[in-house]
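Visitor: Next one to model:
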Amino acid sequence: MFIEKQTIAAISTAVSESGIGIIRMSGEQAIEIADKVYRGKHYKRLADQKTYTIHYGYIADHDEIIDEVLVMLMRGPKSYTGEDTIEINCHGGVYVVNRILEILIKYGARPAEPGEFTKRAFLNGRIDLSQAEAVIDIIQSENEYALKSSVHQLRGNVKEKISNIRKKILYHTAFIETALDDPEHISVDGYGDKLRGVILDLVCEIKELIDSSSNGRVIKEGINTVIIGKPNAGKSSLLNALIGEDRAIVTDIAGTTRDIIKEHIRLQGISLNIMDTAGIRDTEDVIEKIGVDKAIRSAKESDLIIYVIDSSVLLDDNDISILKLLKEKKSIIILNKSDLDMNVSISDIEDRFLKENDSLDKFNIPVIEVSAKNGYGINILENKIKEMFYQGNLSFNTQIYITNIRHKNALDEAYKSLKKVIESIDNNMPEDFYSIDLMDAYEALGNITGETMGEDLIHEIFSKFCMGK
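Guide: Numbering: from 1, shown residues only. From the prediction side, this is the model:
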């Protein structure tokens, strides 16, 4: 793949009033260009300095001093991009960082494209594509677990796993191809049985990675959570309690919420994409009915249903309709208004649920007593959500979580190809059939690390990065 040789420059920090701004420059002429604008003590040249050093001075355009700066010097190939790199730390004003960037461009750099620094790191072999994508995931991470997962991917856990699987596939493919080319000296008699055991192990490894994508998605994107219940059960009050502010309108009038209210919140290191919905009940009001239909549809598409019950009011037919929605989904039942006289107990809910789902012999939905009004039980609810999705704590030491849909699709393709190898072995097909599907799996996995991807797709991936990274 063609590697751009021009020296590039960009602002790497947010362009706003701040204490510090950073302008990054990378390429063969980075140090030469920096020496044209840097004024240090005793007129020292950056070209004469050691790598990984920081230098105090000024940025100037001829005799005009622009700003007082610290200049960091990193020589390739042991830099982020694998090229000579200069980072100028200046004051963070909007004008000053843009002025310094203009000067660097004036003396020979060109403006960097989005993600071009990381793209050069990839093209120069400093990181693979999965690590490059982890960089943008770190920048965009919205919770503790997403950050941890991205950092581990940046350190190479996905790269190492995929590389090990590809090495095994390549070894057996090469053996088969060599044996077919030289049958007099290399025999493949009985090789299918040996290969079958190896492929079964690889299939299990890949299936484990694919299965981790369910957790991976909620780690990265958050848990799609829907609050449902009858009108005036306290759904909006619960949303406000979780957010910590009055986001949803709360009144004693049933049916106040007629459309979906969406919020993104963080609880104990996890993210919830939470939706407060219209109260579910039989109604002749056309507008309210649209809201009820939206609530039911959102519940069916969610990762988690939080069903809010007004515990001061007896259950009715509307509750039975809602209970049926909980059968196939991870759900939590909230007995709200626990500060009032409670007319609904956990046993009442259990009896109704099992009666309506006679195919089930066990009630396993957590029920939590809450008072959204005074905050009682909210912490218990938060802990329960974390436990349901992350089993208390996620381990990032050895466990790999696939958080990227592109990676999952590649793993799916590799999985199918390896299953075909097993089918060919079981059907006593010729050995060249094995190598065809083995190479398909090898190529699919190479898409994750970027070793078998086309230039257009790589450019598309890096175009989603922010400027200066």
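Visitor: could you point out where the chain is predicted with low confidence?
Guide: 1-4, 245-260, 282-285, 288, 357-361, 390-398 (pLDDT under 70).
Visitor: need the strands for it, in chain order.
Guide: For the chain, the strands defined by DSSP state E cover 8-11, 21-26, 38-40, 53-61, 64-74, 85-90, 110-111, 223-229, 261-267, 270-276, 304-310, 330-336, 367-369.
Visitor: Direction included, what does the first one pair up with?
Guide: Based on DSSP bridges, the strands next to strand 8-11 in the sheet, each with its direction, are strand 21-26 (antiparallel), strand 110-111 (parallel).
Visitor: how far out from the middle of the chain is that strand?
Guide: Offset of strand 8-11 from its chain centre (CA atoms, centre = their mean, to the nearest Å): 27 Å.
Visitor: which residues sit against it?
Guide: For strand 8-11, contacts defined as CB atoms under 8 Å, 6 or more residues apart in numbering pick out 21-27, 97-98, 101, 104-105, 109-113, 116-117, 120, 467-468. From N, CA and C alone the C-beta is placed, and that goes for glycine too.
Visitor: that older thread, so which of the strands of the chain gets nearest Gly454?
Guide: Smallest distance to Gly454 across the strands of the chain (CB to CB): 22.6 Å, for strand 8-11.
Visitor: Ile422 contacts Leu200, doesn't it?
Guide: Yes: counting by CB atoms under 8 Å, Ile422 does reach Leu200; the two are 7.0 Å apart.
Visitor: Who has more neighbours out of the two?
Guide: Ile422 (17 against 14; other CB atoms under 10 Å).
Visitor: burial measure for the closest residue to the more buried one other than its chain neighbours, as a count.
Guide: Distances taken as CB to CB, 6 or more residues apart in numbering place Ile199 nearest to Ile422, at 5.7 Å, with adjacent residues excluded. The local packing of Ile199 (other CB under 10 Å) involves 25 other residues.
Visitor: Let me see the contact set for Ile199.
Guide: Taking CB under 8 Å, 6+ apart, one finds Leu418, Val421, Ile422, Ile425 in contact with Ile199.
Visitor: now it: how far from Ile176?
Guide: Separation of Ile199 from Ile176 (CB to CB, to the nearest Å) stands at 12 Å.
Visitor: now Arg155
Guide: As for Arg155, its distance to Ile176 is 34 Å (criterion: CB to CB).
Visitor: Neighbour count: these two, which is higher?
Guide: Legend: neighbour count by other CB under 10 Å for Arg155 and Ile176, higher for Ile176 (22 against 13).
Visitor: what's the neighbour count on the residue lying closest to the more buried one once chain neighbours are set aside?
Guide: Leaving aside its sequence neighbours, Ile176 sits nearest to Ser435 (CB to CB, 6+ apart; 4.7 Å). Ser435 is flanked by 22 other residues according to other CB under 10 Å.
Visitor: for Ser435, what are its contacts?
Guide: Thr173, Ile176, Glu177, Leu180.
Visitor: And the helices in the stretch 351-469 of the chain?
Guide: Secondary structure of the stretch 351-469 of the chain by DSSP state H, counting those that start in this stretch: the helices cover 378-390, 405-426, 431-449, 455-462.
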